[in-house]
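Participant: One predicted model, sequence on top.
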Amino acid sequence: QVQLQESGPGLVKPSQTLSLTCIVSGGSILTDYYAFSWIRQSPRKGLEWLGTIFYDGTSAYTGRASGSRDTIKNQVSLQLKSVTPEDTAVYYCATSPKSCSNYGCYDSWGQGTQVTVSS
């Protein structure tokens, strides 16, 4: 069974780039999973999809987000440029067996990591 563990800096200053990592255990990101996505949740905006990287290395991200994967370390990463206090949220890594059009499609979630943007 897959286990996902997000990690990040906790506190980021406005205008900086946020970098997050999701360590995957229980299988290879190269062969055992269809896609990994980054999703965040805040009280004001609810759930927001940020991006997905697929089994073949292709990816899609929204706005200021970008990402990558490290098949040796078995982890995926997210970068979010030019952060503002509006980016304060809990950030999650999640897997899905197919391309998702709703949040119920994701079958495994990490516990999430809190990110606060403040000077």
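Facilitator: Good, I have the coordinates. Residues are numbered from 1 along each chain as shown.

Participant: burial of G63, as a residue count?
Facilitator: Residues within reach of G63, counting by other C-beta atoms under 10 Å, total 11. Backbone N, C-alpha and C define where each C-beta goes, glycine included.

Participant: give me the element it is part of.
Facilitator: For G63, there is no helix or strand it lies in under DSSP states H and E.

Participant: Quick check: phi and psi on it?
Facilitator: phi 50, psi -120 (degrees, to the nearest 10).

Participant: now the one 5 residues further on
Facilitator: According to degrees, to the nearest 10, the main-chain angles of S68 amount to phi -160, psi 180.

Participant: Report the beta-bridge partners for it.
Facilitator: On DSSP bridges, the residues paired with S68 through beta bridges are S77.

Participant: With Q3 as the reference, measure out to it.
Facilitator: Distance, S68 to Q3, using C-beta to C-beta, to the nearest Å: 20 Å.

Participant: And V76, by the same measure?
Facilitator: Distance from V76 to Q3, counting by C-beta to C-beta: 13 Å.

Participant: what's the overlap in contacts for those two?
Facilitator: V24 (C-beta atoms under 8 Å, 6 or more residues apart in numbering).
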